[in-house]
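Peer 1: Provided below for reference: sequence and predicted model.
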Amino acid sequence: MFCWLNRLYRGLSSPTGRTTQLIWGSLSRSLVLSSRRRIPEFSSFVARTNTCGELRSSHLGQEVTLFGWIQYRRQNTFLVLRDFHGLIQLVIPQDESAASVKKILCEAPVESVVRVSGTVISRPPGQENPKMPTGEIEIKVKTAELLNSCKKLPFEIKDFVKKTEALRLQYRYLDLRSFQMQYNLRLRSQMVMKMREYLCNLHGFVDIETPTLFKKTPGGAKEFVVPSREPGKFYSLPQSPQQFKQLLMVGGLDRYFQVARCYRDEGSRPDRQPEFTQIDIEMSFVDQTGIQSLIEGLLQYSWPRDKDPVVVPFPSMTFAEALATYGTDKPDTRFGMKIVDISDVFRNTEVRFLQDVLSKPKGTVKAIRIPEGAKYLKRKDIESIRKVAADHFNQEVLPVFLKASRHWNSPVAEFILEKQSLELIRLMELQEEDVILLTAGEHRKACSLLGKLRLECADLLEARGVVLRDPALFSFLWVVDFPLFLPKEENPGELESAHHPFTAPHPSDIQLLYTEPEKVRSQHYDLVLNGSEIGGGSIRIHDAELQRYILATLLKEDVKLLSHLLQALDYGAPPHGGIALGLDRLICLVTGAPSIRDVIAFPKSFRGLKSDPEICHRSDNQAFRRKKSRQHSSPQ
Ligand code: ASP
């Protein structure tokens, strides 16, 4: 039995914390609300009279023809038929005259597809099933036809039956029959439809397709290459339609959008795919606030009605604040445990390693508070936390436990003076049984480490039953004022774009471009949802000379590769800006799916392959592979 049916019957919780009946109800509701609250014609153009899931007491007495899959059979008397819309119980005729119908319905294997005709009747009193939307009625079958039989299934199509992802991907067409996949893909379609409606019908955007076969572009992620007919010549698949959308603005299209397929040759991870979809947007004569309001309106308009409504405007935080408080440029603001700078508490400390760090120009001491950590964290957790710090950050972390009656328990406890202890309790708002994780080092490194440990500890606490992040909460955040450039990972003496090379500098920092470019802030904004980056964009450079200077002088890129764009900027390019939303990630968060592969009909597996070797012909040609992108940069 399918998970949703199972939950439906047993009233278990769905992944979003509601009963499946509610989920099913909300799916039907969202289908109904799809186009201006008109109920779609689910049975137009086909021979069925109704869908299985739509039948109710109001249909009593009607003669219906249904098509669907056999979900299960009970004692050769009842059969539950399923289509995309839901389940309906059929009563298998037992009289001699209907022997052939009985034979078909009793012998066809589960998941075979059949056509049945019959009458909608009431279930006998006491046999109604209140957990099933069609539970008051059943179909008295008169005729049946086996349209196609189903072989022995490779796995049961029930969500609670664990199956490997490889098997699910190999038999994706069966996996797609599950309630969860049906829900995810239909919700995705609904949201995209509403986004189109909002952009085109309410705000005059034009939906324009841009080429998929393109040429190599500077910066960003590795690109896939496609051999052309000319030996030795290749196309590149675009990482995004960035250059085209800017050219469209020069072309006076004014407001562009596209549900765009993008390609980046990076491994598949729970939140990444080498081939993915963006809601790509560009506007002329707009500033950062304009783009932000547009996106807030877009999400509010397209948000599923069974979720809590989106509250706008979204809060905003500078990159510097995000790093200092959460240790990342994509903070999960659903819970606290913020990073606190406690350098001042330890200025005169006797703890040697803190003294050493604080004597350096950029040295800091920082900590996070783990509420009731002494109660929930085990010794092995602390060991694994210290190991993460040592392995990934080459950095020491000290756990400090505040025990009952305010006794410290830590390797450095004896060196913490009474005054320091009181100050620490005040600054970090410590309570008994709290633990603080303390580290010392250069600002950025210490913040990144504590940012990572903050998330690790949240996972640990949640695994022990503490509710830190409400699964029904959607916490949006704009991160703004990014630096325009970051030092290159492989060569920190050189600069690379933090977003992409077309991003405009912050107007108040233009002069710094010529003196201290590493200090220039940009007009780049990222949209973060529950700790995941779901979008990013910028106001663009529309001045060819400035663009050339940044590309050639600061980024040391080959400007010839972008001559078409540079030329275009010289022909009256309007000021413009845009953004791209990662559709797969967004839908993944909205549905609560564990991986973006669960919201894509045919995703790539972990290694970036299609699971069926017959349809996987991934080239191993490394010739055009480009440098690995930095993890947090948004390639073009
Ligand atoms: N093209 C950018 C990206 O894919 C988004 C943008 O700047 O509009 O991340």
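Peer 2: Alright, I've got the coordinates. Numbers count the residues shown, from 1 in each chain.
Peer 1: Near the ligand, which residues of the chain are found?
Peer 2: 240, 242, 536-538, 578-580, 634, 636 (CB under 6 Å from any ligand atom). C-betas here are computed from N, CA, C, even on glycine.
Peer 1: So which of the residues you listed are in strands?
Peer 2: Residues of the residues of the chain next to the ligand located in strands (DSSP state E): 536-538, 578-580.
Peer 1: pLDDT weak spots in the stretch 201-350 of the chain?
Peer 2: Across the stretch 201-350 of the chain, residues meeting the criterion (pLDDT under 70) sit at 219, 268.
Peer 1: at 50 instead, please
Peer 2: The model of the stretch 201-350 of the chain has no residue with pLDDT under 50.
Peer 1: now the helices for it?
Peer 2: Under the criterion DSSP state H, counting those that start in this stretch, helices of the stretch 201-350 of the chain are mapped to 203, 242-250, 288-302, 319-326.
Peer 1: and which of the ones in strands among the residues of the chain next to the ligand is nearest to residue 80?
Peer 2: Closest approach between these and residue 80, by CB to CB: residue 580, at 43.6 Å.
Peer 1: what's near enough to touch the closest one?
Peer 2: Counting by CB atoms under 8 Å, 6 or more residues apart in numbering, residue 580 touches 240, 260, 278-281, 535-537.
Peer 1: Would you write a PyMOL line that selects the buried entries of the residues you listed?
Peer 2: To isolate the buried ones among those in PyMOL, judged by 16 or more other CB atoms under 10 Å, type:
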select buried, resi 240+260+278+279+280+281+535+536+537
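Peer 1: Check the contacts of residue 580 and tell me the two furthest apart.
Peer 2: 260 and 536 (14.1 Å).
Peer 1: Mind picking out the helix or strand in the protein with the poorest mean pLDDT?
Peer 2: helix 3-10 (a mean of 31; mean pLDDT, DSSP states H and E).
Peer 1: close enough to count as contact, residue 225 and residue 232?
Peer 2: No. At 11.4 Å, residue 225 does not count as touching residue 232 under the criterion of CB atoms under 8 Å.
Peer 1: For those two, indicate the residue with more neighbours.
Peer 2: More crowded of residue 225 and residue 232, by other CB atoms under 10 Å: residue 225, with 20 against 7.
Peer 1: Quick check: which of the helices of the stretch 201-350 of the chain is buried the most?
Peer 2: Of all those, helix 242-250 carries the top mean neighbour count, a mean of 22, counting by mean count of other CB atoms under 10 Å.
Peer 1: Residue 364 belongs to a strand, doesn't it?
Peer 2: Yes. The assignment for residue 364, made by DSSP: H, G, I helix; E, B strand; the rest coil, places it in a strand.
Peer 1: what's around it, how many residues?
Peer 2: Number of residues near residue 364 (other CB under 10 Å) recorded here: 21.
Peer 1: Could you measure from the nearest residue to residue 360 once chain neighbours are set aside over to residue 566?
Peer 2: Using CB to CB, 6 or more residues apart in numbering and skipping residues adjacent in sequence, the residue nearest residue 360 is residue 442, 7.7 Å away. Per CB to CB, to the nearest Å, residue 442 is found 38 Å from residue 566.
Peer 1: Tell me the spacing between the nearest residue to residue 150 once chain neighbours are set aside and the ligand.
Peer 2: Closest residue to residue 150 apart from its sequence neighbours, by CB to CB, 6+ apart: residue 111 at 3.9 Å. Look at residue 111 and the ligand: by CB to the nearest ligand atom, to the nearest Å, they are 41 Å apart.
Peer 1: Work out for me the element residue 111 sits within.
Peer 2: Per DSSP states H and E, residue 111 falls between elements, in no helix or strand.
Peer 1: Surely it is in contact with residue 156?
Peer 2: No. Between residue 111 and residue 156 there is no contact under CB under 8 Å: 9.6 Å.
Peer 1: Can you mark which positions in the helix or strand containing residue 419 are buried?
Peer 2: Element membership for residue 419 (DSSP H and E) is helix 418-427. By neighbour count on 16+ other CB under 10 Å, the buried set for helix 418-427 is 420-421, 423-424.
Peer 1: what helices or strands is it leaning on?
Peer 2: Applying 3 or more CB pairs under 8 Å, 6 or more residues apart in numbering; DSSP states H and E, one finds that helix 418-427 makes contact with no other helix or strand.
Peer 1: Now find how far off-centre that helix is within its chain.
Peer 2: Relative to its chain's centre, helix 418-427 lies at 41 Å (CA atoms, centre = their mean, to the nearest Å).
Peer 1: And for stretch 297-314?
Peer 2: 16 Å.
Peer 1: First-to-last residue distance for it?
Peer 2: 11 Å (CA to CA, to the nearest Å).
Peer 1: Same question for stretch 109-116.
Peer 2: Length of stretch 109-116, first residue to last, CA to CA: 15 Å.
Peer 1: quick one, what contacts residue 205?
Peer 2: With CB under 8 Å, 6+ apart, residue 205 has these contacts: 199, 255-257, 281.
Peer 1: how about the nearest residue to it, chain neighbours excluded?
Peer 2: Leaving aside its sequence neighbours, residue 205 sits nearest to residue 199 (CB to CB, 6+ apart; 3.9 Å).
Peer 1: That neighbour: how many residues sit nearby?
Peer 2: Neighbour number of residue 199 under other CB under 10 Å is 24.
Peer 1: just residue 136 next, same as before
Peer 2: Using other CB under 10 Å, residue 136 is surrounded by 17 other residues.
Peer 1: Now do the longest helix seen in the chain: which elements does it pack against?
Peer 2: Using DSSP state H to define each element, the chain has its longest helix at helix 443-463. Applying 3+ CB pairs under 8 Å, 6+ apart, one finds that helix 443-463 contacts helix 319-326, strand 363-370, helix 373-376, helix 379-393, strand 435-442.
Peer 1: Would you format these as JSON lines with distance to residue 98 included?
Peer 2: Formatted as JSON lines, the helices and strands packed on helix 443-463 follow (distance: least, CB to CB, whole Å):
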{"stretch": "helix 319-326", "distance to residue 98": "67"}
{"stretch": "strand 363-370", "distance to residue 98": "68"}
{"stretch": "helix 373-376", "distance to residue 98": "63"}
{"stretch": "helix 379-393", "distance to residue 98": "65"}
{"stretch": "strand 435-442", "distance to residue 98": "71"}
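Peer 1: of all those, which lies closest to residue 499?
Peer 2: Smallest distance to residue 499 across the helices and strands packed on helix 443-463 (CB to CB): 10.9 Å, for helix 319-326.
Peer 1: Would you check which pair of the contacts of residue 205 lies furthest apart?
Peer 2: Farthest-apart pair in the contacts of residue 205 is 199 and 256; separation 9.5 Å (CB to CB).
Peer 1: joint contacts of those two?
Peer 2: 205, 281.
Peer 1: Let me have the residues of the chain next to the ligand in a markdown table, extended by distance to residue 171.
Peer 2: Shown next, in a markdown table, are those (distance: CB to CB, whole Å):
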| residue | distance to residue 171 |
| --- | --- |
| 240 | 32 |
| 242 | 37 |
| 536 | 36 |
| 537 | 39 |
| 538 | 43 |
| 578 | 40 |
| 579 | 37 |
| 580 | 33 |
| 634 | 35 |
| 636 | 37 |
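Peer 1: Identify the residue with the minimum pLDDT among these.
Peer 2: Scanning the residues of the chain next to the ligand for pLDDT, the low point is residue 634. It has 37.
Peer 1: distance between stretch 387-396 and the chain's centre?
Peer 2: Taking CA atoms, centre = their mean, one finds stretch 387-396 lying 28 Å from the centre of the chain it belongs to.
Peer 1: now that stretch: mean pLDDT?
Peer 2: Average pLDDT, stretch 387-396: 80.
Peer 1: Pull out the buried positions in that stretch.
Peer 2: In stretch 387-396, the ones that count as buried by 16+ other CB under 10 Å are 388-389, 393, 395.
Peer 1: With respect to the ligand, which of these is nearest?
Peer 2: Nearest to the ligand among the buried residues of stretch 387-396 is residue 393, at 27.1 Å by CB to the nearest ligand atom.
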